[in-house]
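A.B. asks: build me a model:
(chains A and B)
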Amino acid sequence: DQQVKQNSPSLSVQEGRISILNCDYTNSMFDYFLWYKKYPAEGPTFLISISSIKDKNEDGRFTVFLNKSAKHLSLHIVPSQPGDSAVYFCAASGGRDAGGTSYGKLTFGQGTILTVHP
Amino acid sequence: KAGVTQTPRYLIKTRGQQVTLSCSPISGHRSVSWYQQTPGQGLQFLFEYFSETQRNKGNFPGRFSGRQFSNSRSEMNVSTLELGDSALYLCASSHLGLAGGPQEQFFGPGTRLTVL
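C.D. replies: A predicted model of the protein is given here:
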């Protein structure tokens, strides 16, 4: 039961163009979504996040869009650079304990390999 | 601020042995989560500790356990190692507050465990 899915295993983009990475989720309890970038044998690096009360969040070249009705989010990278080449994971979290504190459990998608060609 | 640190970075063990991995979170972070990454299963949640209490556990056998100390440092232990336990083990820390607030987790470099 994969609650977070990234249906594109790979994406190839020319330098300077837009990269769009997609992610779908099934669990309605998720209320926070994150994107991470990862290189082999390293820990994921946090890129950008969005709360379920928003539909867009922007940080420099990175923008995340959330469509709650479709249970879909996407990461836009504009303009793409060769240094962006890596594996990108979307992740989701949700739920809280009796004290109201968010749980620190992320559910990850399978990742998308982004290659940006010079 | 120093990032999340994990020790050791690499470990080779044989089947049946046990192993303990250590994680030091970012200063001020009370939540520490552990994840396993394998080529076949991707990144999977193991467990989360918050203020020395395990709040969540993933779908892993009881051979996988952990604990958190009063300074928020955490350890995870795997007993009776199996070949399938070979993986990258990642620790992440976060400054969690009330639900709806920022929930970013920051990862360490991981410990690469090889079971022979």
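A.B. asks: C-alpha only now, for contacts and for neighbours.
C.D. replies: Will do.
A.B. asks: excluding its backbone neighbours, what's nearest the residue positioned nearest the centre of chain B?
C.D. replies: Most central in chain B under CA atoms, centre = their mean is B:W34, positioned 2.7 Å from the mean C-alpha point. In this structure, B:W34 finds its nearest non-sequential neighbour in B:C91, 4.5 Å apart by CA to CA, 6 or more residues apart in numbering or on different chains.
A.B. asks: equivalent analysis for B:Y35, please.
C.D. replies: B:F45 (4.5 Å).
A.B. asks: where does chain B have its least confident helix or strand?
C.D. replies: When each helix and strand of chain B is scored by mean pLDDT, DSSP states H and E, strand B:53-57 comes last, with a mean of 91.
A.B. asks: just give me how far that strand sits from the chain centre.
C.D. replies: 12 Å (CA atoms, centre = their mean, to the nearest Å).
A.B. asks: for that strand, list the C-alpha coordinates in PDB.
C.D. replies: Output of strand B:53-57 as PDB, limited to C-alpha atoms (Å, rounded to 0.1, in the frame of the first residue of the first chain):
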ATOM      1  CA  THR B  53       9.500   8.400  24.100                       C
ATOM      2  CA  GLN B  54       8.800   6.300  21.000                       C
ATOM      3  CA  ARG B  55       5.800   7.800  19.400                       C
ATOM      4  CA  ASN B  56       5.600   5.900  16.100                       C
ATOM      5  CA  LYS B  57       7.000   2.700  14.800                       C
END
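A.B. asks: tell me if that strand is near chain A.
C.D. replies: Yes - legend: contact between strand B:53-57 and chain A by CA under 8 Å from any CA of the partner chain is shown at B:55-56.
A.B. asks: neighbours around residue 95, how many?
C.D. replies: In the absence of a named chain, this looks at chain A. 17 (other CA atoms under 10 Å in any protein chain shown).
A.B. asks: correction: the question concerned chain B.
C.D. replies: 21.
A.B. asks: show me the contacts for it.
C.D. replies: By CA atoms under 8 Å, 6 or more residues apart in numbering or on different chains, the contact list for B:H95 reads B:28-31, B:103-105.
A.B. asks: change it to 7 Å
C.D. replies: Neighbouring residues of B:H95 by CA atoms under 7 Å, 6 or more residues apart in numbering or on different chains: B:29-31.
A.B. asks: strands - which of the residues you listed land there?
C.D. replies: B:S31 (DSSP state E).
A.B. asks: so what's the nearest residue in space to A:D59 that is not next to it in sequence scoring on pLDDT?
C.D. replies: Nearest residue to A:D59, sequence neighbours excluded (CA to CA, 6+ apart): A:I48, at 7.1 Å. On pLDDT, A:I48 comes in at 97.
A.B. asks: quickly find the element holding A:I48.
C.D. replies: Secondary structure assigned from DSSP states H and E places A:I48 in strand A:45-51.
A.B. asks: same deal with A:Q2?
C.D. replies: Judged by DSSP H and E, A:Q2 forms part of no helix or strand.
A.B. asks: related to what we said a few turns ago, quick check, the residue nearest to B:Y35 in contact with B:W34.
C.D. replies: Yes - applying CA atoms under 7 Å, one finds B:F45 in contact with B:W34, separated by 6.3 Å.
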